[in-house]
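> please work out how this folds:
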Amino acid sequence: MFNTARRALFAALFAGVAGPVFAADLPEPVVEQAPPPAYEEPAPEYGGWYIRGDVDYHWSKFGGADYITYGPGTNSFDSGTLKSAFSAGAGVGYQINQHFRTDLTGDWLSSSKFNGSTSGTCGTPVPGTPCTSVDTSSYSALLLLANAYVDIGTWHGVTPYVGAGIGGAWMKWDTLNNTDNDGSFDHNGGKGWRFAYALMAGASYCLTDRVKLDVGYRYSHINGGRMFDYADGAGGSTGAGPGFDHGISVNEVRGGLRYQFGKSDCAPPPEAYVPEPEPVYTK
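Reported below is the predicted structural model:
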């Protein structure tokens, strides 16, 4: 029995001494800190209403015209040119997202002078004498369009775009003066609404976080219509008219400003989120 007790005592002493030694040799458990929650910066939401104002310098191309002659049938202008002019316009639009927008625009095309000529016969010096007339007039138009644009992308504040528009034009021809061997005659100019469309390309530049400079080119076409009315002639003739033009093509170099009410891509991006560092505790 004495041996058994002695063995138990030695076992207890051994456990008490060896336990701390073995525990000191074991590695301490490593507790990994949880990483900070991932933060994903929300995609910027561009869009909202905007207004615009534009001025341009344009030159027009006359598509030709036909008119009723004194006798049966029609005749055509031998030539016709239009002078360049200025115009101004305004509009309201909506930026749907960073790459797509639409707007409604109205532009007043100021008076563009017309010079043309026709050939026929006159009563002077004798009836049936071949003669050529000189014709002068001018036109102006109110162009109303619904437009859609694709903003291709933005680089260093510059955003190139392409677009197209469809609508109508209120076209007004001034009095047409026709001068030939028989004298000078005036024809009242035609006026009325016509179908119109446009194609455009250009680029905008951020001036401020809400204001953009817009510079571009626009091609617009106004369908044909009544150019001038009937007028009495001379030398026993009954007069000529009315006349109908074949349409006007307009090339415009444009510049203007756009003011964005909603979120603009010109605004500086939000600051990136930086998580606060974990506190470090020292013994």
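> name the helix or strand for D245, please.
Secondary structure from DSSP states H and E places D245 in strand 243-260.
> just checking: what are the partner strands of that strand?
strand 48-62 (antiparallel), strand 65-68 (antiparallel), strand 211-228 (antiparallel) (DSSP bridges).
> point out where the stretch 1-150 of the chain drops to low pLDDT.
By pLDDT under 70, the weakly predicted segments of the stretch 1-150 of the chain are 1-45, 70-73.
> identify whichever of the strands paired with strand 243-260 lies nearest to S112.
strand 48-62 (5.3 Å; C-beta to C-beta). Bear in mind the C-beta positions are built from the backbone N, C-alpha and C, glycine included.
> and for the residue lying closest to R194 once chain neighbours are set aside, the neighbour number?
In space, and not counting its chain neighbours, R194 is closest to N223: 4.6 Å by C-beta to C-beta, 6 or more residues apart in numbering. For N223, the neighbour count with other C-beta atoms under 10 Å is 17.
> now the strands for the stretch 151-283 of the chain?
158-173, 176-180, 183-187, 191-206, 211-228, 243-260 (DSSP state E, counting those that start in this stretch).
> follow-up on the earlier one: put together a markdown table for the strands paired with strand 243-260, with distance to A88 on each row.
Formatted as a markdown table, these follow (distance: least, C-beta to C-beta, whole Å):
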| stretch | distance to A88 |
| --- | --- |
| strand 48-62 | 5 |
| strand 65-68 | 27 |
| strand 211-228 | 13 |
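> among the ones you listed, which is nearest C266?
Nearest to C266 among the strands paired with strand 243-260 is strand 211-228; the distance by C-beta to C-beta comes to 6.6 Å.
> D180 touches P130, doesn't it?
No. Using C-beta atoms under 8 Å as the test, D180 is too far from P130 to be in contact (10.4 Å).
> joint contacts of those two?
120, 122 (C-beta atoms under 8 Å, 6 or more residues apart in numbering).
> neighbour count for the two, which is higher?
Neighbours were tallied for D180 and for P130 using other C-beta under 10 Å; the higher tally belongs to D180 (24 against 9).
> buried set for whatever helix or strand S117 lives in?
If you go by DSSP H and E, S117 is part of strand 100-122. Residues of strand 100-122 classed as buried by neighbour count (16 or more other C-beta atoms under 10 Å): 101, 103, 105, 107, 109, 112, 114, 116, 118, 120-122.
> for G241, phi and psi?
The phi and psi values for G241, taken as degrees, to the nearest 10, are phi 130, psi 170.
> wouldn't G93 be in contact with F100 here?
No. Using C-beta under 8 Å, G93 makes no contact with F100, being 11.0 Å away.
> which neighbours do those two share?
When contacts are counted by C-beta under 8 Å, 6+ apart, G93 and F100 have no shared neighbour.
> need the contact list for Y46.
By C-beta under 8 Å, 6+ apart, Y46 lies in contact with 95, 97-98, 262-265.
> and the nearest residue to D180 once chain neighbours are set aside, how many neighbours?
Spatial nearest neighbour of D180, chain neighbours left out: S133 (4.0 Å); criterion: C-beta to C-beta, 6+ apart. The number of residues packed around S133, counting by other C-beta under 10 Å, is 21.
> pretty sure Y94 is touching I51, no?
No. Taking contacts as C-beta under 8 Å, Y94 lies outside contact range of I51: 10.8 Å.
> could you find the closest non-adjacent residue to G189?
Counting by C-beta to C-beta, 6+ apart, the residue nearest G189 is W173, at 3.4 Å.
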